[in-house]
Structures are given as C-alpha cells and as structure tokens.
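have a look; sequence and predicted model below, questions after that.
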Amino acid sequence: MTFQSTKLFDGYSCVFRQWKAEGTHCRFLHGYGVSFRVWFEGELDHRFWVWDFGGMKRAKIAIDGLNPKAWMDYMFDHTTLVAQDDPSLVDFKRLDSDGLIQLRIIPATGAEQFAKFIYDKLSVFVQEETEGRVKVAQVEFMEHNKNTAIYKP
C-alpha cells in the first residue's frame with residue numbers, strides 16, 4: 001500500500017527574470033513571495049508516517065553541502081535567481097560581488113523550471129534519506145499564491 005503526504009514550504013522572497021520572454025514584462029527583474037508544496041509518496045515508517053515533516057532540519061543527507069532546510073533558505077530567501085545562460089550573467093555576478101544581491105545561478109528560471117529544479121534536488125535527497133522507502137511524487141511552485149506550476153516526472 002502506498003501513501004502520500006504533502007508539505008508546504010513558504011515565506012520566501014526572491015527576484016528573477018525570464019530573459020527569453022521577449023515582448024512581456026517577465027523579461028524584467030521582478031519579485032514574488034514564493035512557496036512550494038512537495039508531495040511525498042511511499043510506505044509508512046515505524047511511526048506510521050510517509051515523511052517526517054520536521055526531518056528537513058535534522059536530516060543526515062545534505063543538498064549541495066547544506067541540510068535541506070538551510071538549502072531552501074540559501075536558494076530562495078531574499079535571493080536573485082538567474083538562469084545560467086542569461087546574457088547579463090556577468091552583470092549579476094558583479095552585483096553579487098558588490099554585495100547588492102545574493103545571486104543564485106540555476107539551469108533556467110520561471111515557475112515551471114523552479115518546480116523542476118526543486119524536484120530534482122529534493123528527489124535525490126528524499127530517496128537517500130529514506131533509503132528508497134519514499135519518493136517525491138511532484139512539486140508545485142507558487143508565485144504569490146496566484147500562479148502555480150507543477151512538475152511531475
């Protein structure tokens with residue numbers, strides 16, 4: 001029997017742009033309060049839980065060298081997210097080195113891409129942390145609770 005549980009991670013503020021969005025205002029830097037919901041799926045543990053919601057802080061496995069909660073804060077708390085192929089990347093790097101932004105370079109920007117990025121990072125972590133008992137089924141990324149995008153492999 002397979003069970004699912006969800007966890008909402010919220011309270012993040014970040015700025016980004018979609019430089020390829022010619023003809024729309026999305027090509028400009030803009031910010032949102034963002035959150036994301038993660039669906040965990042698997043068998044129950046000895047406590048009858050799919051996922052220990054507080055386990056992100058006390059995890060044994062790291063994401064990019066940080067515990068998962070610290071990684072989420074590092075990535076999304078008052079940061080500027082820029083695609084690795086953004087033609088203005090050198091300018092963003094200069095702003096970061098001048099202490100004006102907290103730059104995070106990711107494969108691509110936009111709600112759909114953020115959902116996939118989070119899925120890719122959390123999926124590996126959850127599989128390792130639970131020794132394969134639980135997987136991430138999907139991730140929903142939300143911009144100010146009005147716009148959402150879901151990634152499900």
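Thanks, I have the structure now.

my guess is K57 contacts W71. True?
No - with contacts counted by C-beta atoms under 8 Å, K57 stays clear of W71, the gap being 11.2 Å. No exception for glycine: its C-beta is placed from N, CA and C like everyone else's.

between those two, who's got more neighbours?
W71 (19 against 11; other C-beta atoms under 10 Å).

OK, contacts around the residue lying closest to that one once chain neighbours are set aside?
Distances taken as C-beta to C-beta, 6 or more residues apart in numbering place I63 nearest to W71, at 4.2 Å, with adjacent residues excluded. Residues in contact with I63 (C-beta atoms under 8 Å, 6 or more residues apart in numbering) are W71, K121, L122, V124, F125.

now I63: how far from E43?
With the distance defined as C-beta to C-beta, to the nearest Å, I63 ends up 23 Å from E43.

do E143 as well
Counting by C-beta to C-beta - E143 and E43 are separated by 33 Å.

now do F114
From F114 to E43 the distance is 29 Å (C-beta to C-beta).

model confidence for the residue sitting nearest the centre point of the chain, exactly?
Nearest to the mean C-alpha position of the chain, counting by C-alpha atoms, centre = their mean, stands I118 at 3.5 Å. Looking at I118, its pLDDT stands at 97.

kindly report the same for M1.
Model confidence at M1 (pLDDT) stands at 69.

from what I see, the residue nearest to the centre of the chain and E140 are in contact.
No - under the criterion of C-beta under 8 Å, I118 makes no contact with E140, lying 9.4 Å away.

mutual contacts of these two, please.
Contacts common to I118 and E140, judged by C-beta under 8 Å, 6+ apart, are F36.

next, the buried residues of stretch 23-31.
Residues C26 are the ones in stretch 23-31 that count as buried (16 or more other C-beta atoms under 10 Å).
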